[in-house]
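Asker: here are the coordinates; sequence isn't available:
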């Protein structure tokens, strides 16, 4: 697999926020979100080839039950099914984080999908491709059918994002308790500026609030 970094930290987002976890961050992405907080896995992908056996051994050595496979876009990695199977055989709880634009078959305990909305659209040559990929819901529908234990996390800048989010949730037929709104920001300070409004939107629309604990606790940077 093409991997940018592996590290132990607390899960910062979603329904498992605060859970000690071993992270495998793959490198490479088929989207180009303009606010991407890990550009070293998307806009300028960095990393090295790491075997499934090495990753499984590193997860075991961490002593942590929870493993989070993130990116980048992990679903681009052809070794993902083998990695998930090996981690599961070792007794790990597996979260796979994805934008939901691809639908290979793999096994996990929690599918964490971050569907991208218009606030992610980049400028320039990537704009049309990025938009075309994020607007195709067929892979996402298939993923949700295969993985009944899922969460949807949306990056929110403000109330202007809500009509698109509500429409998408309705099209997918997903209950509000599975939907989390997450303040956009690359630093704890930026997140803090948006968080109160996002909290109010959660109350208004009946969605859950997702913190970004890693930024609050450890700051922006790699390996957190």
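Answerer: Looks like it arrived, so ask away. These numbers come from a predicted model, not from an experiment.

Asker: use CA for all of it now, contacts and neighbours both
Answerer: OK.

Asker: Residue 119 should be in a helix, yeah?
Answerer: Yes - assessed with DSSP: H, G, I helix; E, B strand; the rest coil, residue 119 lies in a helix.

Asker: residue contacts, it?
Answerer: 157, 161 (Cα atoms under 8 Å, 6 or more residues apart in numbering).

Asker: measure it to residue 54 for me?
Answerer: 37 Å (Cα to Cα, to the nearest Å).

Asker: Same question for residue 134.
Answerer: Residue 134 is 32 Å from residue 54, by Cα to Cα.

Asker: now residue 115
Answerer: 30 Å.

Asker: quick one: which of the two has more around it?
Answerer: residue 115 (20 against 10; other Cα atoms under 10 Å).

Asker: wait, that one sits on residue 152?
Answerer: Yes - contact criterion Cα atoms under 8 Å: residue 115 and residue 152 qualify, at 7.1 Å.

Asker: so where's the chain uncertain?
Answerer: 219, 223-224 (pLDDT under 70).

Asker: Mind listing the residues bridging to the most centrally placed residue in it?
Answerer: Centroid-nearest residue in the chain: residue 97, 3.9 Å away (criterion: Cα atoms, centre = their mean). Beta-bridge partners recorded for residue 97 (DSSP bridges): residue 112.

Asker: wait, it sits on residue 67?
Answerer: No - counting by Cα under 8 Å, residue 97 does not reach residue 67; the two are 10.9 Å apart.

Asker: Number of residues surrounding residue 160?
Answerer: Based on other Cα under 10 Å, the number of other residues close to residue 160 is 10.

Asker: start at 13 instead
Answerer: Sounds good: first residue 13 from here, last item residue 172.

Asker: ok, and for the host helix or strand of residue 181, which residues are buried?
Answerer: Residue 181 is located in helix 174-184, with elements delineated by DSSP states H and E. Buried residues in helix 174-184, counting neighbours by 16 or more other Cα atoms under 10 Å, are found at 174, 177, 180.

Asker: Contact partners for residue 85?
Answerer: 38, 39, 40, 41, 42, 109, 110, 111.

Asker: For the first one, list the residues it contacts.
Answerer: What that stands for is residue 38. Residue 38 sits in contact with 13-17, 53, 59, 81-86, 89, where contact means Cα under 8 Å, 6+ apart.
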